[in-house]
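Chemist: Show me the folded form of this:
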Amino acid sequence: MTTTIVRATCPHDCPDTCALLVTVTDGVATEVKGDPNHPTTAGVLCTKVSRYTERTYHPDRLLYPMRRVGKKGEGKFERISWDQALAVVGERLGAIAARDPQGILPYSYAGTMGLVQGEAMATRFFNRLGASNLDRTICASAGGAGYEYTIGAKIGTDSEQVQDAKLIIIWGGNPIASNLHVWTRMQEAKRRGAKLIAIDPYRSLTAEKCHQHIALLPGTDAALALGIMHVLINENLLDADYIERYTLGFARLRARALEWPPERVAAVCGISAAEVLQLGRDYGATVRSGAASLIRVNYGLQRVRGGGMAVRNIACLPALTGAWRHAAGGVQLSLSGAFPVDKAALKRPDLRRQNTPSRTINMSTIGDDLLRPASAAFGPRIDALIVYNANPVAVAPESVKVAQGFAREDLFTVVLEHFQTDTADYADILLPATTQLEHVDVHSAYGHYYMMANNAAIAPLGEAKSNTEIFRLFAAGMGFDEDCFKESDQTIASQAFDRSNARAADFNWEVLKQAGWQKLAMPTAPFAHGGFATPSGKCEFFSARMQADGLEPLPAYTAPYESAASNPALAAKYPLAMISPPARNFLNSSFVNVQSLRDMEGEPQLALHPADAAARDIASGDTVRVFNDRGSMLVKAQVTDKARPGLVVGWSIWWKKFAADGKNVNEVTSQKLTDMGNAPTFYDVLVEVALDRKALPKAAQKASV
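Modeler: Residues are numbered from 1 along each chain as shown. Sure, this is the predicted structure:
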């Protein structure tokens, strides 16, 4: 018996990007643990990834190429050889490319966050082909845009400093479920005397463990940030020296903020003026005490019409109080901007032929775009779709249209997958991809500052192939003979980071894959002395770039598309705001098919306040219908005061095939986009909820009539 320990990295869309130690006995992975020596992971994994062998060796793993034999969406396939699969793909893509390669669209996101298996070889292939580009907006592009206009790059407080903060505001996130290792440090800060405040429409597991929970209305976070600014300025809770040295546009910001007294903010946000006033005072108190204040701003609050501006407003706050002076102070949205990823080396944009048409399709509007005919404005119809690292039939908004588009018989669809997901059911050709334990990769992160290596722990199962190998084969089938299509995964990994950048000057793939991880050369407090990556080098309260881009250049508030205040006629018909945060035991749509995790999650549920439930004669455990003009779904009601009045919470993202009616929360979400970043508005939704009387016992059905 031979046992080895292999260094690996969690590939999933989570800020923690954990360092893994995989135990392999006689070629079989028997255990996955967290690396105790990695400062962020500290030997601890979430429930999902600690069961990674269960996912890798799942009995439903796709292990062989398949060809559709039933109707699209039925999920009926027959096994074929790789040669047969590649012949079909080459023939179909070749015919479409001959007409117009823009008729071919890649669709991918964060099924793996790896720089090798994520986009490298795939993007080389699509660039050489001349296919349409995909604007990958579905998660964080709104907040990223707002943050970058203000700070200059997605750089922020180092997670390893969090335990030293004396005030921590958790804004729009639930780190117990989605940022476990930062939550551990927040708990340590709490033990040291820090005050923790959660800002979230729903009283999450995290909010329950904070000193205070502020349950504002969805989509009003930008107004609350303006209210904090008002209190700071009105009560002179400012670091005047930091403002003078390291910010731009304070006089204009001051005038704007003074338009937002606590009473106005309270009316917009659905909270009390006292809450606004105290929040501003708590945040400003750290100026006089010299203590560090930290805002952990997450992605939930940006998934509304004004989401980009909301993050921008929040990003202004640490510069007003000088919180950036402290290693544990400032704000953290994402740290991905610190990594000098060599995108040109990985993706080879030079392969795209010069002076040829090139269009970009937004992944968040895929439902509409798959149904669009060819036109001068849109370009050619989408005739082929290559899906990898994504499950859009379950994940993309306004799911009714997404499914209609995927059901087109004239759409040639290839899906690379581990399992037969909702999207895989619509594939013409279904190809088995390797999991993280079966291939090589290198990772950046967005919740810490470590470069990470992933070594293959086991040989690919069945006939599964890595994403890179599949796209190499596609390239060969299309006759692409450039040397870059022959590069190994090891070679690609060695190209990942730009060593001319001081942060990654010591990067060496051969060393990294042995060590497992290496920290970027970053200052402890990145903006203690300014140095923002904006054109001015300062935190820009006034942004000339935003003005040039046709956006409001100062912090502002934009009401949601769908709310009682902004659309009273719609609210009269659909009076309940809905958000759809991630279920604790899933990660986006990954892990939904792992039985043990699905057992812990139970079944699709909807949380609603007792007053809203009583008005609709709904009790916990009842089957209810959630609906609006876009669609409907059936879920089990969970009556709880964790949901504020007027709010319902539908946990996501269930595969449709595991729901009683074959539907999930995206039946009711919208394809409308955010104020900046062209991102989706998943949490900008009005619905109605009604008891599903068909699910009641017959006696109860009669009594309810």
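
Chemist: any low-confidence regions in this structure?
Modeler: The model of the chain has pLDDT under 70 over residues 587, 695-705.

Chemist: Pick out the residue closest to the middle of it.
Modeler: The centroid of the chain falls nearest to residue 139 when counting by Cα atoms, centre = their mean (3.6 Å).

Chemist: Could you count how many residues lie near the residue nearest to it when sequence neighbours are not counted?
Modeler: With Cβ to Cβ, 6 or more residues apart in numbering as the measure, residue 299 is the residue that lies nearest to residue 139, at 6.3 Å, once sequence neighbours are left out. Where you see a C-beta, it was placed from the backbone N, CA and C, and this is true even at glycine. Residues near residue 299, counting by other Cβ atoms under 10 Å, number 24.

Chemist: again, but for residue 568
Modeler: By the other Cβ under 10 Å criterion, the neighbourhood of residue 568 contains 9 residues.

Chemist: mind listing the helices for the stretch 1-150 of the chain?
Modeler: Taking DSSP state H, counting those that start in this stretch as the criterion, the stretch 1-150 of the chain contains helices spanning 52-56, 82-99, 121-129, 141-151.

Chemist: Restrict the shortest one to CA atoms and write it as PDB.
Modeler: The C-alpha coordinates for helix 52-56 follow below in PDB (Å, rounded to 0.1, in the frame of the first residue of the first chain):
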ATOM      1  CA  TYR A  52     -14.800  16.600  -2.000                       C
ATOM      2  CA  THR A  53     -14.000  12.900  -2.400                       C
ATOM      3  CA  GLU A  54     -17.700  12.200  -2.300                       C
ATOM      4  CA  ARG A  55     -18.200  14.600  -5.200                       C
ATOM      5  CA  THR A  56     -15.200  13.300  -7.200                       C
END
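
Chemist: For that helix, which residues meet the burial criterion?
Modeler: Counting neighbours by 16 or more other Cβ atoms under 10 Å, one finds that the buried residues in helix 52-56 are 52, 53, 55, 56.

Chemist: so how far is residue 669 from the residue nearest to residue 567 when sequence neighbours are not counted?
Modeler: Nearest non-adjacent residue to residue 567, counting by Cβ to Cβ, 6+ apart: residue 561, 7.0 Å away. With distances taken as Cβ to Cβ, to the nearest Å, residue 561 is found 11 Å from residue 669.

Chemist: quick one, which of the two is more surrounded?
Modeler: Neighbours of residue 561 and residue 669, each counted by other Cβ under 10 Å, are more numerous for residue 669; the result is 27 against 20.

Chemist: so the more buried one sits right up against residue 580, yeah?
Modeler: Yes - assessed by Cβ atoms under 8 Å, residue 669 is found in contact with residue 580 at 7.1 Å.

Chemist: what's the burial count for residue 434?
Modeler: A count of neighbours around residue 434, defined by other Cβ under 10 Å, yields 26.

Chemist: give me every residue that touches it.
Modeler: Residues touching residue 434, when contacts are defined by Cβ atoms under 8 Å, 6 or more residues apart in numbering, comprise 460, 461, 464, 465, 466, 467.

Chemist: Narrow those residues to those in helices?
Modeler: residue 467 (DSSP state H).

Chemist: The contacts of residue 434 into TSV, with extra columns for neighbour count and distance to residue 26?
Modeler: Below are these laid out as TSV (neighbours: other Cβ atoms under 10 Å; distance: Cβ to Cβ, whole Å):
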residue	neighbour count	distance to residue 26
460	18	17
461	18	15
464	24	20
465	21	23
466	23	23
467	27	27
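
Chemist: Among the contacts of residue 434, find me the one that's closest to residue 123.
Modeler: For residue 123, the nearest member of these is residue 467. The distance, counting by Cβ to Cβ, is 10.9 Å.

Chemist: any idea how far the nearest residue to the closest one once chain neighbours are set aside lies from residue 55?
Modeler: Counting by Cβ to Cβ, 6+ apart, residue 467 lies nearest to residue 117, which is 4.6 Å off, once chain neighbours are set aside. Remark: distance between residue 117 and residue 55 (Cβ to Cβ) = 16 Å.

Chemist: try residue 330
Modeler: From residue 330 over to residue 55 the distance is 36 Å, taken as Cβ to Cβ.

Chemist: where do the contact lists of residue 669 and residue 580 overlap?
Modeler: Shared contacts of residue 669 and residue 580 (Cβ under 8 Å, 6+ apart): 682, 685.

Chemist: Now do the contacts for the residue nearest to the centre of the chain.
Modeler: The neighbourhood of residue 139, defined by Cβ under 8 Å, 6+ apart, consists of 13, 109, 110, 299, 679.

Chemist: Tell me if I'm right that the residue nearest to residue 567 and residue 671 touch.
Modeler: No - in this structure, residue 561 sits apart from residue 671 without contact. The criterion is Cβ under 8 Å, and the distance is 11.0 Å.

Chemist: List the neighbouring strands of the strand ranked longest in the chain plus their orientation.
Modeler: Ranked by residue count, the top strand of the chain under DSSP state E comes out as strand 631-639. The sheet places strand 631-639 alongside strand 605-608 (parallel), strand 623-628 (antiparallel), with pairing taken from DSSP bridges.

Chemist: What residues sit buried inside the longest one?
Modeler: By 16+ other Cβ under 10 Å, the buried positions in strand 623-628 come out as 623, 624, 625, 626, 627, 628.

Chemist: Pull the residues that contact that strand.
Modeler: Residues outside strand 623-628 that contact it (Cβ under 8 Å, 6+ apart) are 574, 578, 606, 616, 618, 632-637, 648, 650, 660, 665, 668, 685-692, 695.

Chemist: hmm, try it at 7 Å
Modeler: When contacts are taken as Cβ atoms under 7 Å, 6 or more residues apart in numbering, the neighbours of strand 623-628 outside the stretch itself are 574, 606, 618, 632-637, 650, 668, 686-692, 695.

Chemist: now swap in the first one and tell me
Modeler: Counting by Cβ under 7 Å, 6+ apart, strand 605-608 makes contact with 624, 626, 635-640, 642-643, 648-651, 689, all of which sit outside it.

Chemist: make it 8 Å
Modeler: Residues from elsewhere that reach strand 605-608 (Cβ under 8 Å, 6+ apart): 202, 576, 618, 624, 626, 635-640, 642-643, 647-651, 689.

Chemist: Show me which of the residues you listed are buried.
Modeler: The neighbour-count criterion (16+ other Cβ under 10 Å) marks 202, 576, 618, 624, 626, 635-639, 642-643, 647-651, 689 among those as buried.

Chemist: before we move on, back to that, and of the helices of the stretch 1-150 of the chain, who's closest to residue 44?
Modeler: The stretch from the helices of the stretch 1-150 of the chain with the least distance to residue 44 (Cβ to Cβ) is helix 52-56; that distance is 14.2 Å.

Chemist: could the buried residues of helix 52-56 go into TSV alongside distance to residue 206?
Modeler: Compiled in TSV, the buried residues of helix 52-56 are given as follows (distance: Cβ to Cβ, whole Å):
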residue	distance to residue 206
52	24
53	29
55	26
56	30
